[in-house]
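Enquirer: Could you work out the structure for the sequence below:
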Amino acid sequence: MNATTAYTYTAADINTAFNKISATLFAGKTAETIPRMLITAGVQASGKTYLLEKSLLTSGRYDNYVRLYKPEYREEHPQYRQMVELGKLHAYEHTEAFVRAVCARIFEEAFRRKLDIIMECAFDSIDFAALPTAAATNGYQLEIHIVACGHAFAFLSNVKRGLRSLEKSELERFVRSSDLKTSLNNSHAVIFQLEFAAKTVEGSQIFLYERGLGVLKDRALRGHSTCKRNTQGTLELTSTGQGYDYASYESIASNTINSLAERDEMIKECHLALQKTAQYADQIPAFVYNALYSRIIKYANR
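Expert: This next block holds a predicted model:
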């Protein structure tokens, strides 16, 4: 029996994990007159979790919110200790289905009680597209933060994130380039629904940020709109400055590596990443090496 099929869990295990997590997660949380949902959205490694933890949560404005996912929820898998003996990357991979089931239970309970909710969306499933409208229909006011980037940057950021997780012994993973492309493809349908839902609840907001190579490693705000009633009483997205628009997201997401400076930076970062892989050779998936070398060859000036 291989490692993948050896790990099992039951509905009772999901219930046990949910009860343990919810005992503290829901403690002190109260329903608001208008329930709110904070959504950070972006492909894997775009920086949405960093935005959430380093900028949004530190403001203190979301203390009454229920956060649907944290990496430590994975540790509630009944065989987590057995998994982690083979490394954090291994444990992350084989707790995926379990933690999704636990988070689904957390969402159902928070949504049923109309509590404020924090949700991260990586566009890894097209199913997420149905959620924003369901939330808006149930009266949720949405605050949406979209971190946009191109495929090349997402790939590089994903590798660097995976290496950092190994250095710090954190629960993370390396994402295949093909999976990043799938997420980018899914993102358009999901963002369309996020925008549509935001237009239906007064006070909802959408923020758009850009990340990329060079100075864009530090997130840059590209648009912000709020849903308000116009003079005719109709809801619409408005802005006092640069407003959000889908075309801006699409333009950023389709960015490619073209300039000499960008090509040089990509080659350098891939070489530096390869140097770091040596000490974790027994844990890093083979596809990471192939992808890094492929990009060095692709962007080299010949």
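Enquirer: buried stuff in stretch 176-196?
Expert: For stretch 176-196, a neighbour-count test (16 or more other C-beta atoms under 10 Å) marks 176-177, 180, 182-184, 186-187, 190-191, 193-195 as buried. C-betas here are computed from N, CA, C, even on glycine.
Enquirer: average pLDDT across that stretch?
Expert: When pLDDT is averaged along stretch 176-196, the result is 95.
Enquirer: Distance from the chain centre to that stretch, please.
Expert: Centroid separation for stretch 176-196 versus its chain: 11 Å, with C-alpha atoms, centre = their mean, to the nearest Å.
Enquirer: Next: stretch 116-124.
Expert: The chain centroid and the centroid of stretch 116-124 are separated by 7 Å under C-alpha atoms, centre = their mean.
Enquirer: And stretch 56-75, by the same measure?
Expert: 13 Å.
Enquirer: How far does that stretch stretch from one end to the other?
Expert: This stretch, stretch 56-75, spans 25 Å end to end (C-alpha to C-alpha, to the nearest Å).
Enquirer: List the buried residues in it.
Expert: Buried positions in stretch 56-75, judged by neighbour count with 16+ other C-beta under 10 Å: 56-57, 62, 65-69, 71, 73-75.
Enquirer: again, but for stretch 276-284
Expert: Across stretch 276-284, burial judged by 16+ other C-beta under 10 Å covers 276-277, 280, 284.
Enquirer: Next, format those as CSV and append distance to residue 117, pLDDT and secondary structure.
Expert: Formatted as CSV, those follow (distance: C-beta to C-beta, whole Å; pLDDT from 0 to 100; DSSP: H, G, I helix; E, B strand; the rest coil):
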residue, distance to residue 117, pLDDT, secondary structure
276, 37, 95, helix
277, 38, 94, helix
280, 36, 93, helix
284, 35, 94, coil
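Enquirer: Show me what the helix ranked longest in the chain is packed up against.
Expert: When the chain is scanned for its longest helix (criterion: DSSP state H), the result is helix 177-198. Under the contact criterion of 3 or more C-beta pairs under 8 Å, 6 or more residues apart in numbering; DSSP states H and E, helix 177-198 touches strand 36-41, helix 131-137, strand 141-148, helix 151-168, strand 205-210, helix 246-253.
Enquirer: Work out for me the element the closest residue to residue 238 other than its chain neighbours sits within.
Expert: Leaving aside its chain neighbours, residue 238 sits nearest to residue 228 (5.1 Å; criterion: C-beta to C-beta, 6 or more residues apart in numbering). Using DSSP states H and E, residue 228 maps to strand 220-229.
Enquirer: Now do that strand: everything it contacts.
Expert: With C-beta atoms under 8 Å, 6 or more residues apart in numbering as the test, strand 220-229 has contacts from 148, 198-211, 235-239, 241-245, 248, 252.
Enquirer: Same check on stretch 66-86?
Expert: Around stretch 66-86, the neighbours that count as contacts under C-beta under 8 Å, 6+ apart are 3, 6-9, 13, 16-17, 20-21, 25-26, 29, 90-92, 94-95, 98-99, 102-103, 106-107, 110, 115-120, 170-172.
Enquirer: Buried subset of the residues you listed, written for PyMOL?
Expert: Buried subset of the contacts of stretch 66-86, written as a PyMOL selection, criterion 16+ other C-beta under 10 Å:
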select buried, resi 7+9+13+17+21+25+29+90+91+92+94+95+98+99+102+103+106+107+110+115+116+117+118+119+120+171+172
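Enquirer: So which of the contacts of stretch 66-86 sit within helices?
Expert: Using DSSP H, the subset of the contacts of stretch 66-86 located in helices is 3, 6, 13, 16-17, 20-21, 25, 90-92, 94, 98-99, 102-103, 106-107, 110.
Enquirer: so where's the stretch 201-302 of the chain uncertain?
Expert: Scanning the stretch 201-302 of the chain for pLDDT under 70 picks out the ranges 302.
Enquirer: Can you tell me how far the spatially most central residue of the chain is from residue 292?
Expert: The chain has residue 122 as the residue nearest its centroid, 3.9 Å off, counting by C-alpha atoms, centre = their mean. To residue 292, residue 122 is 22 Å away according to C-beta to C-beta, to the nearest Å.
Enquirer: follow-up on the earlier one: strand partners (parallel or antiparallel) of the strand holding residue 228?
Expert: Strand 220-229 has its sheet partners listed here by DSSP bridges as strand 205-210 (antiparallel), strand 235-238 (antiparallel).
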